[in-house]
Every structure is written in C-alpha cells, then in structure tokens.
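[1] I would like to see how this sequence folds:
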Amino acid sequence: MATTIVIGLSLEFAGAVFLATELLTVDPAVLAARGNVYPQSGEPHFNAQVPVARTFVGLGLLLAGFLVQIVAYVLDGSDWLAVIAVAVIVAATLGGRLLADRLFASWLYRRAVRFRRAQDTSTSA
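    Just a heads-up that it's a prediction; the model follows:
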C-alpha cells in the first residue's frame, strides 16, 4: 500500500515540478508584457501579474505538500520507497517533457493552424 501511495505522490510531485519549471523558465519579457495593450501601453500592469504569482505560490504549496507526504512514507517504510520515489519523479518529469514537447505541442500547433486558416477563410468570404 505504501508503495502505491509513494508512486502516486511522486507522480503528482513530478507534475507540479513540471508546471513550476515552466513558470520559472518563461521569458521575463513575456510575463512583463501581460496586461499590455500594444502599442498604446508601454508599462506592464501589476494586476496582470497576480494570476501568475498565485499560480506559482499554489504550485509551491503543492510541491511542499507532496514532498512532506513522500518523506513521511519513506521514513515509515524502507529505503526502497526513497529509491522508487526518486525514480518515478525523474522518469515522470523526463517522460512528461517528451510527451508535451513531441506529441502534444505538435497536436496543439496543428489545431491552431487549422483554426487560424478557418478564421482567415471566414473573414475573407
């Protein structure tokens, strides 16, 4: 039972790490531009940054909660639970990255292109 719980928590931890990493590595210029209406506005709006800040804090809380639970199970269990947790976190993070970048990004791109072309044909008709 503990093994299943540690695997589940490790997957959740990896997912939260994946999301938090995306926020941490986004280009600061992109975040700063949130809320701008170009070309009229040159300054970012503070309120436009709040959703990203709350998302980042929420992910941090999720990470902390998952980590506390994983550590508790590992301390109550065996060293193998720690090995399983680390292995699942690393595999899920790397596998998630490949899945997102190779499969889902291509699918979302094709969808966006089809949508854009449909918009162009409906406005030109």
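
[2] Going by C-alpha atoms from here, please, whenever you check contacts or count neighbours.
    Noted.

[3] Show me where the chain has its helices.
    Along the chain, the stretches classed as helices by DSSP state H are 2-25, 28-33, 46-76, 79-98, 105-124.

[4] Pass me the low-pLDDT residue ranges in the protein, would you?
    Residues of the chain meeting the criterion pLDDT under 70: 28-45, 125.

[5] Spatially central residue in it, please.
    L19 (1.7 Å; Cα atoms, centre = their mean).

[6] who touches the closest residue in space to A2 that isn't next to it in sequence in this structure?
    Leaving aside its chain neighbours, A2 sits nearest to Y73 (6.7 Å; criterion: Cα to Cα, 6 or more residues apart in numbering). Y73 makes contacts with A2, V6, L81, as judged by Cα atoms under 8 Å, 6 or more residues apart in numbering.

[7] quick one: contacts for the last one?
    What that stands for is L81. L81 neighbours (Cα under 8 Å, 6+ apart): T3, V6, Y73, V74.

[8] how near is F13 to T4?
    Note on F13: its distance to T4, by Cα to Cα, to the nearest Å, is 14 Å.

[9] More neighbours: the two, which one.
    Each of F13 and T4 has its neighbours counted (other Cα atoms under 10 Å); F13 has more, 25 against 11.

[10] so A92 sits right up against L9, yeah?
    No. A92 is beyond contact range of L9, at 11.4 Å (criterion: Cα atoms under 8 Å).

[11] roughly how far apart are L24 and R117?
    33 Å.

[12] Measure how buried L75 is and give me the count.
    Residues within reach of L75, counting by other Cα under 10 Å, total 12.

[13] before we move on, what about the one 10 residues further on?
    Taking other Cα under 10 Å as the criterion, the count of residues near A85 is 26.

[14] Could you do R111 as well?
    The burial count for R111: 12, using other Cα under 10 Å.

[15] returning to that earlier point: need the contacts of Y73 in a markdown table (columns: distance to P51).
    Formatted as a markdown table, those follow (distance: Cα to Cα, whole Å):
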| residue | distance to P51 |
| --- | --- |
| A2 | 35 |
| V6 | 31 |
| L81 | 36 |
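
[16] Among these, which one lies nearest to A100?
    A100 lies nearest to V6 out of these, by Cα to Cα, at 23.8 Å.
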